[in-house]
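Engineer: Generate coordinates for the sequence data below:
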Amino acid sequence: MSHPGRYPVPARRHRVEEEVRRSRFIATVQRVDSAAAATAFVREVQAEFADATHNCWAYVAGPPGSTGAIGLSDDGEPHGTAGRPMLTVLLHGGVGDVAAVVTRYYGGVKLGTGGLARAYGGAVQQALATLPLAERVTYAHLTVEADYAAVSALQQLFAAHEAEVLADAYAAEVRWTLRLPEERLAAFRSAVMDATRGRALVAATDAPATG
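Structural biologist: Next up, the predicted model:
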């Protein structure tokens, strides 16, 4: 199970197309990190395929399988035949921060409710199977202050825990500003305390402003 602070996300917008009994199904998948981002993405695809019979959609804004920020729409298809199977595939797809729009151009052959659910769910499945992935990492920012005797031991710890030094200051003591993956924070804190026999000061900080 991936840690909620680090998980796969779509690397970029990705699209696949298939034909099911003369209907065209076009699945477009993109990374979204909020309901607002998902809505904007859906509107964009709806505008691109404004002449389509349906633009059904679903999204999961959060870690894979999380249901804290989800949404779906059948966009005029029979209730439960499009958005729900699409969302089910997204929730079990192992990818987070993901939205999918499946555009349908009706080809004159009715698929029935089971056929629709298979076609919409299958389109998303196919898109996820070929989706280029990136990794989302949530970072924690903190400062560490310690005496000079601890410098080399601490620098080894930074490397071992993927802690990146953003700034350092050498005064009466040494003070580092760091960022590291959130899921490593607890282990890192206790390792720092062990290495300095409890004499280091470790404090959480806000992320530095980027300009």
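Engineer: okay, now the domains of this protein?
Structural biologist: If you go by automatic domain parsing, the domain ranges for the chain are 6-135, 138-205.
Engineer: Out of the ones you listed, which is the most enclosed?
Structural biologist: Mean neighbour count, computed with mean count of other Cβ atoms under 10 Å, is highest for domain 6-135 among the domains of the chain, reaching a mean of 18. Where you see a C-beta, it was placed from the backbone N, CA and C, and this is true even at glycine.
Engineer: Could I get the average pLDDT for it?
Structural biologist: Averaged across domain 6-135, the pLDDT comes to 95.
Engineer: looking at this, D33 is in a strand?
Structural biologist: No. D33 is assigned coil when assessed by DSSP: H, G, I helix; E, B strand; the rest coil, not a strand.
Engineer: leaving aside the residues next to it on the chain, what's closest to it?
Structural biologist: The shortest distance from D33 to any non-neighbouring residue, by Cβ to Cβ, 6 or more residues apart in numbering, is to D97 (5.0 Å).
Engineer: Tell me the bridge partners for P10.
Structural biologist: Residues in a beta bridge with P10, per DSSP bridges, are L133.
Engineer: residues in contact with it?
Structural biologist: V29, Q30, R31, V95, D97, V98, L131, P132, L133, A134 (Cβ atoms under 8 Å, 6 or more residues apart in numbering).
Engineer: Spatially nearest residue to the fourth one, not counting backbone neighbours?
Structural biologist: Beyond its immediate neighbours in the sequence, the residue positioned closest to V95 (Cβ to Cβ, 6+ apart) is P8, lying 5.2 Å away.
Engineer: hang on, that neighbour in a helix?
Structural biologist: No. Under three-state DSSP, P8 falls outside any helix and is assigned strand.
Engineer: wait, doesn't it sit right on A134?
Structural biologist: Yes. If you go by Cβ atoms under 8 Å, P8 and A134 touch, sitting 7.4 Å apart.
Engineer: residues in contact with the residue nearest to D33?
Structural biologist: So D97 contacts V9, P10, R31, V32, D33, V60, A61, G62, R136 (Cβ under 8 Å, 6+ apart).
Engineer: was I right about the first one contacting V98?
Structural biologist: Right, V9. Yes. In this structure, V9 is within contact of V98 by Cβ under 8 Å, at 6.9 Å.
Engineer: hang on, A100 is in a strand, isn't it?
Structural biologist: Yes. Assessed by three-state DSSP, A100 belongs to a strand.
Engineer: so it bridges to which residues?
Structural biologist: With DSSP bridges as the rule, A100 is bridged to V29, A58.
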